[in-house]
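Student: I need the structure of the sequence given here:
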Amino acid sequence: MWRRRLSLLSPAISSSSRQLQFSSEPTIFKLINSFSSDSGNDGVSSSKKLFITFVLGGPGCGKGTQCEKIASTFGFSHLSAGELLRKEITSQTQNGELIENVIKEGKIVPSEITVSLIRNAINSSDSDKILIDGFPRSEENRIAFEKIVGREPDLVIFFECPQDEMVKRILGRNQGRIDDNLETLKKRLKVFENLNMPVVNHYSSKGKVFKINATGTVDEIFDKIRELFSSLRY
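Tutor: So this is what the prediction gives:
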C-alpha cells in the first residue's frame with residue numbers, strides 16, 4: 001500500500017527553438033550544464049535501502065515543525081529544498097553563484113537543479129530514512145525527482161488544514177518574512193492549490209498518501225504522526 005504537451009515541430013525548428021531558449025537564458029543553461037557534469041544521472045546510491053517520505057501541505061500548515069519532530073524522534077534525515085538551495089548559495093562555489101544569479105534575475109531555479117541537490121544530500125546522509133519537506137511542489141518537480149533520483153517515495157504525508165487557520169498562523173508568527181502578508185498569502189494559497197494538489201492526487205491514486213488533520217496543538221498533531229510512524233516497517 002505504501003509504496004508536454006509536445007509540439008509537432010520539425011527537427012530543424014525544434015533545434016533552433018532550443019538554441020534560442022538557451023541563448024536568451026544563458027545563466028540557466030550554464031547552471032544545468034554544470035550540475036549535469038558534476039552529478040551525472042545515476043540516481044541515488046544503490047548501497048542504501050532507502051525509505052523516502054514526502055511531507056506536503058499548504059503554507060502555515062505546520063509541516064516544518066512536525067518534520068523536525070519526526071526527524072528527532074524516528075531518526076530521519078530532514079531535507080528541505082529551500083534550505084539546500086540557500087546552503088549552496090552560501091557555499092561560494094560556482095554552482096552557488098549561478099543559482100543566486102538565476103534567483104536575482106527573477107527566474108525559478110529549474111527542477112533538475114533542486115532535485116540534484118536533494119539527490120546529493122540523500123547520498124551523503126548517514127540515515128537511510130529520508131524526510132523531504134515541502135517538495136515536490138508541482139507535477140514538474142515530481143517527474144524530475146522520479147527521473148533523477150530513480151524512484152518514487154514510499155510514503156507521502158499530507159497535512160490538511162483549513163485556509164483560515166493557515167492564514168491565522170502565518171499572520172501571527174511574526175517572523176519578519178516579506179511574504180507574510182495577507183495579499184501575498186492569498187496568492188501563495190492559490191499557487192498551492194493549483195500546483196501542489198495534482199501531486200497529492202497522483203500519489204493518492206497509488207495508495208501512498210496518509211492525510212493528517214493539522215488543526216490542534218503541535219503535540220496533538222504529532223500524536224497522530226507518532227501513531228503512523230510507529231506502525232511502519234522500514
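Student: Enumerate every residue touching the closest residue to E140 other than its chain neighbours.
Tutor: Using Cβ to Cβ, 6 or more residues apart in numbering and skipping the chain neighbours, the partner closest in space to E140 is S111 (5.3 Å). Placement of C-beta: from N, CA and C, glycine included. Under the criterion of Cβ atoms under 8 Å, 6 or more residues apart in numbering, the contact list for S111 reads P136, S138, E140, N141, I143, A144, F145.
Student: and the residue nearest to the second one when sequence neighbours are not counted, helix, strand or coil?
Tutor: Yep, that's S138 we're talking about. Once flanking residues are discounted, S138 sits nearest to L195: 4.2 Å by Cβ to Cβ, 6+ apart. When classified by DSSP: H, G, I helix; E, B strand; the rest coil, L195 comes out as helix.
Student: can you pull the contacts of L195?
Tutor: Counting by Cβ under 8 Å, 6+ apart, L195 touches R137, S138, E139.
Student: Drop anything exposed from those.
Tutor: R137, S138 (16 or more other Cβ atoms under 10 Å).
Student: pLDDT value on the residue nearest the centre of the chain, please?
Tutor: Nearest to the geometric centre of the chain sits F135, at 1.7 Å (Cα atoms, centre = their mean). Note for F135: predicted pLDDT of 93.
Student: Shouldn't it be within a strand?
Tutor: No: assigned with three-state DSSP, F135 falls outside any strand and is coil.
Student: Could you find the closest non-adjacent residue to it?
Tutor: Of all residues not flanking F135 in the chain, A81 sits nearest, at 4.3 Å (Cβ to Cβ, 6+ apart).
Student: distance of S138 from V218?
Tutor: Using Cβ to Cβ, to the nearest Å, S138 is found at 28 Å from V218.
Student: Any stretches of this protein with poor pLDDT?
Tutor: For the chain, applying pLDDT under 70 flags the ranges 1-42, 45-48, 106, 173-181.
Student: now the helices for the chain?
Tutor: 11-24, 26-39, 63-74, 81-90, 94-104, 111-124, 139-149, 163-173, 182-191, 197-204, 218-231 (DSSP state H).
Student: so of those helices, which one's packed in deepest?
Tutor: Each of the helices of the chain was scored by mean neighbour count; the highest is helix 111-124, a mean of 20, by mean count of other Cβ atoms under 10 Å.
Student: got the angle for that helix vs helix 139-149?
Tutor: On the basis of axes from the mean of the first three to the mean of the last three Cα atoms, to 10 degrees, helix 111-124 is oriented at 40 degrees to helix 139-149.
Student: mind saving the C-alpha coords of helix 111-124 as PDB?
Tutor: In PDB, the C-alpha atoms belonging to helix 111-124 read as follows (Å, rounded to 0.1, in the frame of the first residue of the first chain):
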ATOM      1  CA  SER A 111      13.600  21.400 -11.100                       C
ATOM      2  CA  GLU A 112      16.700  19.400 -12.300                       C
ATOM      3  CA  ILE A 113      18.900  21.600 -10.100                       C
ATOM      4  CA  THR A 114      16.800  21.300  -7.000                       C
ATOM      5  CA  VAL A 115      16.400  17.600  -7.400                       C
ATOM      6  CA  SER A 116      20.100  17.100  -8.000                       C
ATOM      7  CA  LEU A 117      20.800  18.900  -4.700                       C
ATOM      8  CA  ILE A 118      18.300  16.600  -2.900                       C
ATOM      9  CA  ARG A 119      19.800  13.500  -4.500                       C
ATOM     10  CA  ASN A 120      23.300  14.600  -3.400                       C
ATOM     11  CA  ALA A 121      22.000  15.200   0.100                       C
ATOM     12  CA  ILE A 122      20.400  11.700   0.200                       C
ATOM     13  CA  ASN A 123      23.600  10.100  -1.000                       C
ATOM     14  CA  SER A 124      25.700  11.900   1.700                       C
END
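Student: That's all I had, so thanks and see you.
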